[in-house]
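**Q** okay, predicted coordinates and the sequence, questions at the end:
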Amino acid sequence: MKLFKSLLVAPATLGLLAPITASATEVNLKAISNYSYENSEIDVNTFKTSPKENLLLSGGEGLVDSANYDGGFSETTTASFSLDTILGSVDGGNDSTEALSFDYQMNIGLSTSFTGEDSLDVTIDIGNSVGTDIGATLTESASIMGFQATGDALNVDGITYTFPLGGATVVLGDTTDISSTFTGACAYSAFTDYMGNCGTGNSVGVGGKGVTASIGYAFDSGFSLAGGVSSETNAIMTKEGSDLYGIEAAYTADSYGVAVAYTSADQGTAAETTYWGVNAFYNFDLASVSVGVETEETSGSADKSGYFVGLTFPEVGPGSVSLGLGTQANYTDAETELLTYEASYSYPINDGMTVTPGVYIKEASSGDDDTGVIVKTSFSF
């Protein structure tokens, strides 16, 4: 009798299947052969194999039924994107051809929280700038703006895990900065990369060498303390490796702030180098002034120092104006200081787009200074 029923239903079943376009993986042939009158309701999904795989959500909540998964991030995971493009031309120095160049760099930030107070962050960069490790050199514009040499390839720029410990904030990660927990006291809106730390990039704005641990504590009074250590990935805290230590103390009020930092780079078996850095700002009604001073001492070598001064006018028409100058590095008293000057005007087109035209002069020891004109467009989405 069951065979007779199956024979009666077969023509109807085939008639329903004829107009349906399906791949072999979508059709469950076993279900067709076992069909009977007890299963009389048929639609386009009747003979599709139900997915049984479980997927792991990016937020770490565990395995979930893929049938109820829409393919997006979990509720605790967010993504942010930013894109910087520069159109620039440089005359003199390293780029005497005055060639017009275009560079871009895109940043992708992924952030996940497991407790609501912690944060696992991954930063990925991609851009068209090519570095010497790939066989060419950065354009002059890309170099002075601090673009990464990724060569149109995705590059993991940092992985960090941030969590509270008592009243302090702890950051652990790879390819991240010790100064990620530093407060700093630089209010200058920089155009070129070097000006971004008010000339204290080796101390108050110290970076990292690989594996990094940093901790900071902010008091209610405005004071803050922070410190950290960073070591080469393949020689963590050993004499064969190169370690970097840093501590910072800062005080910030409504209209002014000051930060002092000390860092030590032991350079493995090479001579140790230490840095002291101080930067500060004061907000006037019309503008804010920022200053920075850094000293450098290496065993067996003469002491070096560098400085920075910058002004930011926050309300000039629809945008803001920045004027700054600073030494290109730290110099001994016997060396000739080389300065960089910059001026820029930044104005927002809308909430997600800002255009910043700027000019800079970079002194050269040969006397043939670089003069650059760059238009930077920043997108955030």
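**A** It's in.

**Q** for residue 209, which residues are in contact?
**A** Residue 209 is in contact with 230-232, 242-244, counting by CB atoms under 8 Å, 6 or more residues apart in numbering. For every residue, glycine as well, the C-beta is placed using N, CA and C.

**Q** need those in CSV with pLDDT, distance to residue 210 and secondary structure, can you?
**A** Shown next, in CSV, are these (pLDDT from 0 to 100; distance: CB to CB, whole Å; DSSP: H, G, I helix; E, B strand; the rest coil):
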residue, pLDDT, distance to residue 210, secondary structure
230, 93, 6, strand
231, 89, 6, strand
232, 80, 5, coil
242, 81, 9, coil
243, 88, 10, strand
244, 92, 9, strand
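
**Q** ok, residues contacting stretch 302-314?
**A** By CB under 8 Å, 6+ apart, the residues outside stretch 302-314 that reach it are 187-190, 195, 198-200, 279, 286-297, 320-327, 329-335.

**Q** what's the neighbour count on residue 184?
**A** 24 (other CB atoms under 10 Å).

**Q** same thing with the one 3 residues further on?
**A** The local packing count at residue 187 equals 20, with neighbours defined by other CB under 10 Å.

**Q** and for residue 77?
**A** Per other CB under 10 Å, the neighbour tally for residue 77 reads 17.

**Q** still on that earlier bit, quick check on the contacts of stretch 302-314: which are buried?
**A** 187-190, 195, 198-200, 279, 287-297, 320-327, 329-331 (16 or more other CB atoms under 10 Å).

**Q** looking at those, which are in strands?
**A** By the criterion of DSSP state E, membership of those in strands covers 279, 288-297, 320-327.

**Q** any idea which strand is longest in the protein?
**A** From DSSP E, the single longest strand across the chain is strand 77-91.

**Q** same for that strand, what does it pack against?
**A** strand 100-112, helix 140-144, strand 370-380 (3 or more CB pairs under 8 Å, 6 or more residues apart in numbering; DSSP states H and E).

**Q** what sits up against the shortest one?
**A** Counting contacts by CB under 8 Å, 6+ apart, the residues outside helix 140-144 that touch it are 86, 88-90, 93-95, 101, 103, 129, 192-194, 360, 362, 370, 372, 374.

**Q** partner strands of the very next helix or strand once past it, with direction?
**A** Proceeding N to C from helix 140-144, the next assigned helix or strand is strand 155-165, under DSSP states H and E. Strands that pair with strand 155-165, judged by DSSP bridges, come out as strand 119-127 (antiparallel), strand 168-174 (antiparallel).

**Q** can you list contacts of the last one?
**A** Contacts of strand 168-174 from elsewhere in the structure, counted by CB under 8 Å, 6+ apart, are 158-164, 180-181, 210-218, 228, 233.

**Q** and those, which of them are buried?
**A** 158-160, 162-163, 180-181, 210-216, 218, 228.

**Q** from those residues, which one has the minimum pLDDT?
**A** pLDDT is lowest at residue 210 among the buried ones among the contacts of strand 168-174; the value there is 85.

**Q** and that residue, how far is that from residue 79?
**A** Applying CB to CB, to the nearest Å, the value for residue 210 to residue 79 is 26 Å.

**Q** do the same with residue 230
**A** The value you get for residue 230 to residue 79, if CB to CB is used, is 27 Å.

**Q** who has more neighbours, the two?
**A** Remark: of residue 230 and residue 79, residue 230 carries more neighbours, 27 against 12, as counted by other CB under 10 Å.

**Q** that one contacts residue 180, doesn't it?
**A** No - the pair residue 230 / residue 180 is not scored as a contact, 10.3 Å apart, by CB atoms under 8 Å.

**Q** so what's in contact with the two at the same time?
**A** With CB under 8 Å, 6+ apart, residue 230 and residue 180 have common neighbours residue 212.

**Q** where are the low-confidence patches of the stretch 151-300 of the chain?
**A** For the stretch 151-300 of the chain, residues meeting the criterion pLDDT under 70 lie at 233-241, 267-270.

**Q** select, out of the strands paired with strand 155-165, the one closest to residue 256.
**A** Within the strands paired with strand 155-165, the stretch nearest residue 256 is strand 168-174; the backing value is 23.5 Å (CB to CB).

**Q** residue 381: which of the strands paired with strand 155-165 is closest?
**A** Closest of the strands paired with strand 155-165 to residue 381 is strand 119-127, at 15.0 Å (criterion: CB to CB).

**Q** alpha carbons only: can I get that closest one in PDB?
**A** C-alpha atoms of strand 119-127 as PDB (Å, rounded to 0.1, in the frame of the first residue of the first chain):
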ATOM      1  CA  SER A 119      37.800  45.600  25.500                       C
ATOM      2  CA  LEU A 120      39.600  43.300  23.000                       C
ATOM      3  CA  ASP A 121      40.700  45.500  20.100                       C
ATOM      4  CA  VAL A 122      42.300  44.700  16.800                       C
ATOM      5  CA  THR A 123      43.600  47.400  14.400                       C
ATOM      6  CA  ILE A 124      44.200  46.600  10.800                       C
ATOM      7  CA  ASP A 125      45.800  49.000   8.300                       C
ATOM      8  CA  ILE A 126      45.900  49.000   4.500                       C
ATOM      9  CA  GLY A 127      47.300  51.500   2.100                       C
END
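
**Q** next, the angle from it to strand 77-91.
**A** Inter-element angle recorded for strand 119-127 and strand 77-91: 30 degrees (by axes from the mean of the first three to the mean of the last three CA atoms, to 10 degrees).

**Q** now residue 257: which helix or strand?
**A** Residue 257 belongs to strand 256-265, assigned by DSSP H and E.

**Q** give me the neighbour count for the residue lying closest to residue 301 once chain neighbours are set aside.
**A** Of all residues not flanking residue 301 in the chain, residue 271 sits nearest, at 7.5 Å (CB to CB, 6 or more residues apart in numbering). A count of nearby residues for residue 271, using other CB under 10 Å, gives 11.
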